[in-house]
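Asks: have a look; sequence and predicted model below, questions after that.
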Amino acid sequence: MQYMMLIYAAESAHPDTGTPEGEAYMQTYFSISQDWSERGLMVAGAPLENIDSATTVRVRDGKTGTTDGPFAETKEQLGGYYILDCKDLDEAIECAAQIPTSGVGSIEIRPVRDMGAKPE
């Protein structure tokens, strides 16, 4: 089953880019991504640009409106994602715990719905 790992943290929670801590942090991301690819788990994954590049769209009464920024004002923002093909939720949880941001933020795991299957 495919699971999406939604990676949330405050942008200030990560080590600064260009520092030894920041380089080690990113190397962990590269390592787990390579491991998951080699194990056949990796379907997709990417970091997102900072929240100042976000645009939120809402349609109300047939009119499209946009707002600069993320959809909600929160301390943690969606920073990236993985889609992994895991045998079960337990394996997905093991993988989510390896994501470096799990130590400073949170990882939301959601099964990806098979649109060819009937809803439960």
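Replies: Sure thing, it's come through. Since the structure is predicted, the reported quantities are computational estimates derived from the model, not experimental observations.
Asks: please make it C-alpha for all contacts and neighbour counts, starting now.
Replies: Will do.
Asks: the most centrally placed residue in the chain bridge partners, please.
Replies: Nearest to the mean C-alpha position of the chain, counting by CA atoms, centre = their mean, stands Tyr81 at 2.4 Å. Taking DSSP bridges as the rule, Tyr81 bridges to Leu6, Ala46.
Asks: show me the contacts for it.
Replies: Going by CA atoms under 8 Å, 6 or more residues apart in numbering, Tyr81 touches 4-7, 45-47.
Asks: could you report the pLDDT at it?
Replies: Tyr81 is assigned 96 on the pLDDT scale.
Asks: residues contacting Ala13?
Replies: Contacts for Ala13 (CA under 8 Å, 6+ apart) come out as 104-105.
Asks: pull the number of nearby residues for Arg58.
Replies: For Arg58, the neighbour count with other CA atoms under 10 Å is 12.
Asks: let's verify the closest residue to Pro111 other than its chain neighbours: helix, strand, or coil?
Replies: Spatial nearest neighbour of Pro111, chain neighbours left out: Tyr3 (4.3 Å); criterion: CA to CA, 6 or more residues apart in numbering. Following DSSP: H, G, I helix; E, B strand; the rest coil, Tyr3 is assigned to strand.
Asks: go on, Gly40?
Replies: Once three-state DSSP is applied, Gly40 turns out coil.
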